[in-house]
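S.K.: Quick check, what structure comes out for this input:
(2 chains)
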Amino acid sequence: DSGVTQTPKHLITATGQRVTLRCSPRSGDLSVYWYQQSLDQGLQFLIQYYNGEERAKGNILERFSAQQFPDLHSELNLSSLELGDSALYFCASSPTVTYNEQFFGPGTRLTVL
Amino acid sequence: QQPVQSPQAVILREGEDAVTNCSSSKALYSVHWYRQKHGEAPVFLMILLKGGEQKGHEKISASFNEKKQQSSLYLTASQLSYSGTYFCGTPAYQGAQKLVFGQGTRLTINP
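M.R.: The predicted model follows:
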């Protein structure tokens, strides 16, 4: 158990819908990262927040957005969902913004039908 | 640009050694290694921050050749628990906080 929690564990929805994935980092960690992992694919970095501010962005689609709240939990919002958005979405946290071990949550499996 | 990992897959018997490589056409500023078991989250193994650095934990070790822009992960006397996909990640550019991961090497250890 990494100490990072993600909800929900599974999510099944239809194309065109909007969903919100939630992540609570380890106690004391200020950095939160979001990754997408499609079937048989590697980890694709989406976005990073540090203490409430966006710090780095990957190839995140305009339909996707995220935020980190004052209590440090983070949410990833996915809208106008397409079949290709079906994937595992991982959240990870680390204590600071520099090169640190990242602790991954168990992931949310999103299925778009 | 995504680092390239090789081989893509390896099948071994318990007790055999394995090596997986991570290389890049761009400079590697640091190399981060993670292992992901099927259906689970990636777990951190180690970070190598500078060329020539070598690290190890129990029977898993890694080296980083900055000039050759490559890193290798070594598993000695592999155990069944070592099965999984091994990913290397590297900062997108110097000082970057986002990691770009390779496609992974899938390691299967059989009894």
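
S.K.: State the helix or strand in which residue 47 lies.
M.R.: You didn't pick a chain, so chain A it is. strand A:44-50 (DSSP states H and E).

S.K.: try chain B instead
M.R.: strand B:43-48.

S.K.: same question, B:Phe64
M.R.: strand B:60-65.

S.K.: Using CSV, list the CA coordinates for that strand.
M.R.: C-alpha atoms of strand B:60-65 as CSV (Å, rounded to 0.1, in the frame of the first residue of the first chain):
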residue,chain,number,x,y,z
ILE,B,60,18.4,-5.7,-8.4
SER,B,61,21.0,-3.2,-9.6
ALA,B,62,21.3,-0.6,-12.3
SER,B,63,24.0,1.4,-14.1
PHE,B,64,23.8,4.7,-15.9
ASN,B,65,26.1,5.6,-18.8
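
S.K.: ok so, going back, is the next helix-or-strand element following the strand holding A:Ile47 up against chain B anywhere?
M.R.: Sequence order places strand A:53-57 as the next helix or strand after strand A:44-50, per DSSP H and E. Yes: judged by CB under 8 Å from any CB of the partner chain, strand A:53-57 and chain B are in contact via A:55-57. Just so you know, the C-beta spots here come from the backbone N, C-alpha and C atoms, and that holds for glycine as well.

S.K.: circling back to that earlier point, which strands or helices does the strand holding A:Ile47 pack on?
M.R.: strand A:31-37, strand A:53-57, strand A:64-68, strand A:74-78, strand B:99-101 (3 or more CB pairs under 8 Å, 6 or more residues apart in numbering or on different chains; DSSP states H and E).

S.K.: Of all those, which one is nearest A:Leu88?
M.R.: Closest of the helices and strands packed on strand A:44-50 to A:Leu88 is strand A:31-37, at 4.4 Å (criterion: CB to CB).

S.K.: Partner strands of the closest one and their direction?
M.R.: If you go by DSSP bridges, strand A:31-37 pairs up with strand A:44-50 (antiparallel), strand A:87-94 (antiparallel).

S.K.: now those in JSON lines, with mean pLDDT?
M.R.: Listed next are those as JSON lines, based on pLDDT from 0 to 100:
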{"stretch": "strand A:44-50", "mean pLDDT": "94"}
{"stretch": "strand A:87-94", "mean pLDDT": "96"}
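
S.K.: possible to save those strands as JSON lines with mean neighbour count?
M.R.: Compiled in JSON lines, the strands paired with strand A:31-37 are given as follows (neighbours: other CB atoms under 10 Å in any protein chain shown):
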{"stretch": "strand A:44-50", "mean neighbour count": "22"}
{"stretch": "strand A:87-94", "mean neighbour count": "24"}
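
S.K.: Let me have these in JSON lines, extended by distance to B:Val19.
M.R.: Formatted as JSON lines, the strands paired with strand A:31-37 follow (distance: least, CB to CB, whole Å):
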{"stretch": "strand A:44-50", "distance to B:Val19": "26"}
{"stretch": "strand A:87-94", "distance to B:Val19": "26"}
